[in-house]
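Undergrad: Show me the folded form of this:
(chains A, B, C and D, ligands or ions: 4)
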Protein chains: 2
Amino acid sequence: MKGTEALTTIFREQGLRVTPQRQAIFRLLEGDVSHPTVESLFDRARADMPTISLKTVYQTVHDLEALGEVRVLDLGTGSVRVDPNVEDEHHHLLCTTCGRVRDLPVEFDGLIVPIRYRRDFTIDDVQVIFRGHCEHCFDRT
Amino acid sequence: MKGTEALTTIFREQGLRVTPQRQAIFRLLEGDVSHPTVESLFDRARADMPTISLKTVYQTVHDLEALGEVRVLDLGTGSVRVDPNVEDEHHHLLCTTCGRVRDLPVEFDGLIVPIRYRRDFTIDDVQVIFRGHCEHCFDRT
DNA sequence: TTGCTTGTTGACAACTCTTGTTGTTAGTAT
DNA sequence: ATACTAACAACAAGAGTTGTCAACAAGCAA
Ligand SMILES: [Mn+2]
Ligand SMILES: [Mn+2]
Ligand SMILES: [Zn+2]
Ligand SMILES: [Zn+2]
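TA: Numbering: from 1, shown residues only, chains lettered A, B, ... in the order given. Ligands and ions are numbered 1, 2, ... in the order given. All right, here's what the predicted structure looks like:
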């Protein structure tokens, strides 16, 4: 995801308006590697801006997604996660106990579908989710 | 997933009762490669058994899952899919237009997380979702 | 600066999928 | 056959997300 200034320019170019609410969300997402839920972004935004609505956060996240500035992930945890890292192709490690998500750079080859299974099927995207337990939840299971 | 007779035995051994509703669901799932939603199972069950409730279908699916007889998949399509194929390890091709799901046998190696990224993280399971378009939706995009 | 146009906001309702509650029915072991 | 109790159908409720809409304010032009 680009910085707040660049995003301001991009939004205006698209005819979208840059409000204090959106700038607050830009700032929250910049450099966030935690893959936050929309609800958690909402909670953090509310600290500074008590009247902001959940709908506004969803809206801004979707606008960012449409511009390719964030990716919205569904990792099967019940709510979607916002991933501002669209620069590096990567997959994810998910702790099934606490829900923490960690990036996993794509270093493995072999993720290729054999031709005979690809017949009559065009592939646009691959999502890999490794489920397990993070360091904090390792002993507690 | 095992056959209806075997499931009957297993359920009784576990103190679970085998009702006509459950047997109907057993029969619907046996050999079904379509990865049906719970709702679609419900609709098909209702054809023969008009008073069956959606809750009962969910309940039975969850019981089957607890016994390891089916897998419940969340492929990000909004509702979970029931997969009676627990015998063969495989991943999935998902058509993002019509929602069709196709099995993809695991033939690729290399799906291994480099040691340095596995540090402090134990991995229990890997899910791979290939998204694209099936033969029916290929031209229409 | 001022005013206009139009996208955005916040409050609230609605929606989808899934689970909880409850009184009743019926499967199972004896 | 009887007693025990799991499972049932019906319905309400929960979580997450989206729709509606009047009031508002960002951006732009003059
Ligand atoms: Mn990520
Ligand atoms: Mn499958
Ligand atoms: Zn954890
Ligand atoms: Zn299709």
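
Undergrad: only C-alpha atoms for contact and neighbour calcs from this point on.
TA: Fine.

Undergrad: Find the nearest non-adjacent residue to A:R12, please.
TA: A:V18 (7.0 Å; C-alpha to C-alpha, 6 or more residues apart in numbering or on different chains).

Undergrad: ugh, typo on my part, it should be A:D103
TA: A:H92 (4.8 Å).

Undergrad: and the one you found, which of the three is it?
TA: The three-state label given to A:H92 by DSSP: H, G, I helix; E, B strand; the rest coil is strand.

Undergrad: Report the separation between it and chain B.
TA: With distances taken as C-alpha to the nearest C-alpha, to the nearest Å, A:H92 is found 10 Å from chain B.

Undergrad: again with A:I52
TA: 27 Å.

Undergrad: Next, that residue: secondary structure please.
TA: coil.

Undergrad: again with A:L104
TA: A:L104 ends up strand, using three-state DSSP.

Undergrad: who are the neighbours in contact with it?
TA: Contacts for A:L104 (C-alpha atoms under 8 Å, 6 or more residues apart in numbering or on different chains) come out as A:90-93, B:117.

Undergrad: so does stretch A:82-98 get close to DNA strand D?
TA: No. Stretch A:82-98 lies out of reach of DNA strand D by C-alpha under 7 Å from any atom of the strand, never closer than 9.7 Å.

Undergrad: Mind checking the pLDDT average for that stretch?
TA: Mean pLDDT, computed over stretch A:82-98, is 95.

Undergrad: Mind listing residues that contact that stretch?
TA: A:1, A:29-33, A:35-38, A:61, A:68-73, A:75, A:100-106, A:127-134, A:137.

Undergrad: Emit the ChimeraX select command for whichever of those residues are buried.
TA: Those of the contacts of stretch A:82-98 that count as buried under 16 or more other C-alpha atoms under 10 Å in any protein chain shown are selected in ChimeraX with:
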select /A:1,29,35,36,37,38,61,69,70,71,72,73,75,100,101,102,103,104,106,128,129,130,131,132,133,134,137
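
Undergrad: and chain A, what are its domains?
TA: Listed domain ranges for chain A are A:4-83, A:91-140 (source: automatic domain parsing).

Undergrad: do you know which of those lies nearest B:I25?
TA: The closest approach between B:I25 and any of the domains of chain A, judged by C-alpha to C-alpha, belongs to domain A:4-83 at 24.7 Å.

Undergrad: now the helices for chain A?
TA: All helices of chain A, identified by DSSP state H, fall at A:4-13, A:20-29, A:38-48, A:54-66, A:115-118.

Undergrad: Could you point out which of those helices sits nearest ligand 3?
TA: helix A:38-48 (16.9 Å; C-alpha to the ion).

Undergrad: Pull the residues that contact the closest one.
TA: Residues outside helix A:38-48 that contact it (C-alpha under 8 Å, 6+ apart): A:24-25, A:28, A:52-54, A:57-58, A:79-82.

Undergrad: One more: stretch A:17-28?
TA: Contacts for stretch A:17-28 (C-alpha under 8 Å, 6+ apart): A:3-4, A:7-8, A:11-12, A:41, A:44-45, A:49, A:52, A:56-57, A:60.

Undergrad: Would you format the helices of chain A as a markdown table with mean pLDDT and distance to DNA strand C included?
TA: Formatted as a markdown table, those follow (pLDDT from 0 to 100; distance: least, C-alpha to the nearest atom of the strand, whole Å):
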| stretch | mean pLDDT | distance to DNA strand C |
| --- | --- | --- |
| helix A:4-13 | 97 | 7 |
| helix A:20-29 | 98 | 5 |
| helix A:38-48 | 97 | 9 |
| helix A:54-66 | 98 | 5 |
| helix A:115-118 | 66 | 27 |
